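A.B. asks: Okay, sequence plus prediction incoming.
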Amino acid sequence: MEAKKKIGVIGAGISGLSCAYELQKAGFDVTVYEKEATPGGRMNSRTQNGFVFDTGADHLCNLYDTMKAYCNEFHIVWQKMAFNEYGVIKKGKIIRLVDAVGRFSQFRLVVQYFLTKNVGDFFFLNDAVKYDTDNARDFMLRRTGKEVVDYLVDPFVSTYQFHRSNEISLGALYGIMNSVAKDKTKWDLHRTRGGMKALPLAFAEKVHVRFRDPIKSILGGDTVVVQARDEQSYDAVVCSSPATVTNRIYSNPTEAQKTVLENTRYATTMSVVFRVPKASLPNVSIVWVPYVENTAISGFVNESMKGDECIQDGTTLLSTWLHEDFAKQIFNLSDAEVYERVREELAKVCTWVARKEDFVPHDLERWEDAMPVFAHGHLSRVKTFLEHGQGGNNVYFCGDYLNSPWTEGALRSGVRTAQTIIDRFAE
Ligand SMILES: Cc1cc2nc3c(=O)[nH]c(=O)nc-3n(C[C@H](O)[C@H](O)[C@H](O)COP(=O)(O)OP(=O)(O)OC[C@H]3O[C@@H](n4cnc5c(N)ncnc54)[C@H](O)[C@@H]3O)c2cc1C
């Protein structure tokens, strides 16, 4: 009998783990290398003082079909949030999202919905490449005007991507608009019981992961040599690390691989969390903070929507994300200074909490490579990479930057890369 093909996977985030799991099921001998002590990467949770804090990704949507299927397979409880209401800041006040813009702007937005091109599935953005022709901000300014851009388009992008809407491709915007129109109710917020780490942990129990074992270098070829605690050779290697990291550690990428690695930019943010009196917060899940209202805070989340795991002794957590330029300004300050700078800004926009002292510092996480930027041009480079670069030198890539944003985009990218390898080795 032929020996099993050996595959090394760099990174135990959700894309690397789903890829490793599918390869192992297909009969490959798989080893995952993870630099940290726990799996999950940007999909992780930490428990402190009884609270579960999701350090990166914070919530999931009911339209994450692939993720739901794995949760089902692993008996992970997929829970609807206790409430699902959005707010936005306008003229210093928190108002409902549906009231963010006036009647005329609403009308222009509805017209634009009807004109939106069908790009298929948002979690398969590679199909949207033919609309990678403009950026969302300029396009929406022309079609719907400044009010829609300032109070809906830009805050949506900066709450979830941390950068501004001039850096998101029209193809990605069409993907979101299609999906909101088509799958409206499926955007309901959900979570996995136990926090974001539940699914990565379940995957990591099923595959062989070498924790605290960062890859220092990769040399592609007929066999791929990786240098970690020791040197190992593989028939193929999958890099699920962020493109910036892969670019540093992979010494001989092909031209098509180099182009996608060198041109992928990530937005920076921080998750800064405070404990606040639960009774002070209404049942609003997430508040978007437009840049025109506050240039520091991009959004905040009322974690009591997650139920018992986020409510203790009459308090809950308020998770705060930052606009990229502010995050960069304070990135290297001490934790105490970060809490103080963020608390000052948060008190200006989270008017539910009466006194600054009621925001009690709880936890924080710095994310230099928080979110890949799907700027105009990125989807086209990814398409070229998938057609000409994937598997060059027997090195494969997966991750959110190669499909679509967020955990579902990353997960599906991992599954797809596994399938590409399975097909190649079957040839
Ligand atoms: C603040 C924040 C909020 C977010 N909010 C949401 C949300 O609400 N909902 C949602 O669906 N998504 C959200 N996301 C996005 C989501 O977290 C990511 O898209 C997804 O988790 C990316 O998964 P990945 O596997 O591609 O990458 P990663 O999770 O980054 O995995 C890469 C892994 O590689 C490891 N690694 C890096 N270098 C090495 C090395 N040299 N050797 C070995 N291992 C290495 C890392 O430690 C990591 O575990 C958020 C992200 C952030 C940062």
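C.D. replies: Done, it's in. In this text the structure is predicted, and so the values were computed from the model without any measurement.

A.B. asks: what residues does the stretch 301-427 of the chain put near the ligand?
C.D. replies: Counting by C-beta under 6 Å from any ligand atom, the residues of the stretch 301-427 of the chain lying close to the ligand are 321, 367, 370-371, 399-400, 405-408, 410. Glycine gets a C-beta too; all of them are placed from N, C-alpha and C.

A.B. asks: got it, and the stretch 1-150 of the chain?
C.D. replies: By C-beta under 6 Å from any ligand atom, the residues of the stretch 1-150 of the chain that approach the ligand are 10-16, 33-36, 41-43, 56-60.

A.B. asks: Would you mind listing which of those are buried?
C.D. replies: For those, a neighbour count by 16 or more other C-beta atoms under 10 Å gives the buried set as 10-16, 33-35, 41-43, 56-60.

A.B. asks: Can you list the low-confidence ranges for the protein?
C.D. replies: Residues of the chain that meet the criterion pLDDT under 70 lie in 1.

A.B. asks: so where do the helices sit in it?
C.D. replies: According to DSSP state H, the chain carries its helices in the segments 14-25, 65-73, 103-115, 136-144, 146-148, 154-160, 170-182, 198-206, 243-249, 255-263, 324-330, 335-349, 378-388, 406-426.

A.B. asks: Dump those helices into JSON lines; add distance to T192 as well.
C.D. replies: Putting the helices of the chain into JSON lines (distance: least, C-beta to C-beta, whole Å) gives the following:
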{"stretch": "helix 14-25", "distance to T192": "11"}
{"stretch": "helix 65-73", "distance to T192": "6"}
{"stretch": "helix 103-115", "distance to T192": "31"}
{"stretch": "helix 136-144", "distance to T192": "30"}
{"stretch": "helix 146-148", "distance to T192": "34"}
{"stretch": "helix 154-160", "distance to T192": "19"}
{"stretch": "helix 170-182", "distance to T192": "21"}
{"stretch": "helix 198-206", "distance to T192": "4"}
{"stretch": "helix 243-249", "distance to T192": "26"}
{"stretch": "helix 255-263", "distance to T192": "31"}
{"stretch": "helix 324-330", "distance to T192": "27"}
{"stretch": "helix 335-349", "distance to T192": "27"}
{"stretch": "helix 378-388", "distance to T192": "28"}
{"stretch": "helix 406-426", "distance to T192": "10"}
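
A.B. asks: winner for burial among those?
C.D. replies: helix 14-25 (a mean of 27; mean count of other C-beta atoms under 10 Å).

A.B. asks: by contact count, what packs against that helix?
C.D. replies: strand 6-10, strand 29-33, helix 198-206, strand 236-239, helix 406-426 (3 or more C-beta pairs under 8 Å, 6 or more residues apart in numbering; DSSP states H and E).

A.B. asks: Please identify which of those is closest to V77.
C.D. replies: Closest approach to V77 among the helices and strands packed on helix 14-25 (C-beta to C-beta): helix 198-206, 8.3 Å.

A.B. asks: I'd like to know which elements that closest one is packed against.
C.D. replies: Applying 3+ C-beta pairs under 8 Å, 6+ apart, one finds that helix 198-206 contacts helix 14-25, helix 65-73.

A.B. asks: what's the farthest-apart pair in the residues of the stretch 301-427 of the chain next to the ligand?
C.D. replies: Those two in these that are separated most widely, counting by C-beta to C-beta, are W321 and G399, at 20.4 Å.

A.B. asks: Which one's more surrounded, these two?
C.D. replies: Between W321 and G399, counting by other C-beta atoms under 10 Å, G399 is the more crowded of the two (29 against 26).

A.B. asks: Next up, the contacts around the more buried one.
C.D. replies: 11, 13, 15-16, 240-243, 372, 410, 413-414 (C-beta atoms under 8 Å, 6 or more residues apart in numbering).

A.B. asks: repeat for L60
C.D. replies: By C-beta under 8 Å, 6+ apart, L60 lies in contact with 67, 189-192, 407-408.

A.B. asks: Please repeat the previous calculation with a cut-off of 10 Å.
C.D. replies: By C-beta atoms under 10 Å, 6 or more residues apart in numbering, the contact list for L60 reads 43, 67-68, 71, 78-79, 81, 188-192, 196, 199, 406-408.

A.B. asks: Roughly how far does it sit from C310?
C.D. replies: 15 Å (C-beta to C-beta, to the nearest Å).

A.B. asks: Tell me who's in contact with L173.
C.D. replies: By C-beta under 10 Å, 6+ apart, the contact set of L173 is 112, 116, 119, 128, 131, 134-137, 139-140, 153, 156-157, 165, 374.

A.B. asks: re earlier: can you check which of the helices and strands packed on helix 14-25 gets nearest to N49?
C.D. replies: Nearest to N49, of all the helices and strands packed on helix 14-25, is helix 198-206, at 19.9 Å by C-beta to C-beta.

A.B. asks: So is the closest one next to the ligand?
C.D. replies: No. Remark: helix 198-206 sits outside contact range of the ligand, by C-beta under 6 Å from any ligand atom, the gap being at least 8.4 Å.

A.B. asks: okay, the angle between that helix and helix 406-426?
C.D. replies: An angle of 30 degrees separates the directions of helix 198-206 and helix 406-426 when computed by axes from the mean of the first three to the mean of the last three C-alpha atoms, to 10 degrees.

A.B. asks: Run the chain-centre distance for helix 198-206.
C.D. replies: Relative to the mean C-alpha coordinate of its chain, helix 198-206 is positioned 18 Å out (C-alpha atoms, centre = their mean, to the nearest Å).

A.B. asks: Distance check, H75 against the ligand.
C.D. replies: Computed with C-beta to the nearest ligand atom, to the nearest Å, the distance linking H75 and the ligand is 21 Å.

A.B. asks: That residue against A202, yeah?
C.D. replies: Yes. Distance between H75 and A202: 8.5 Å, which falls inside the contact criterion (C-beta atoms under 10 Å).

A.B. asks: Identify the spatial nearest neighbour of V360, chain neighbours not counted.
C.D. replies: Distance criterion C-beta to C-beta, 6 or more residues apart in numbering; nearest residue to V360, sequence neighbours excluded, is R275 at 4.4 Å.

A.B. asks: let me fix that: S18
C.D. replies: Closest residue to S18 in three dimensions, ignoring its sequence neighbours and counting by C-beta to C-beta, 6+ apart: G414, at 3.6 Å.

A.B. asks: what's near enough to touch the residue in the stretch 51-200 of the chain positioned nearest to the ligand?
C.D. replies: Nearest to the ligand in the stretch 51-200 of the chain, going by C-beta to the nearest ligand atom, is A57, at a distance of 3.3 Å. With C-beta under 10 Å, 6+ apart as the criterion, the residues that contact A57 are 14, 40-45, 191, 196, 271, 406-408, 410.
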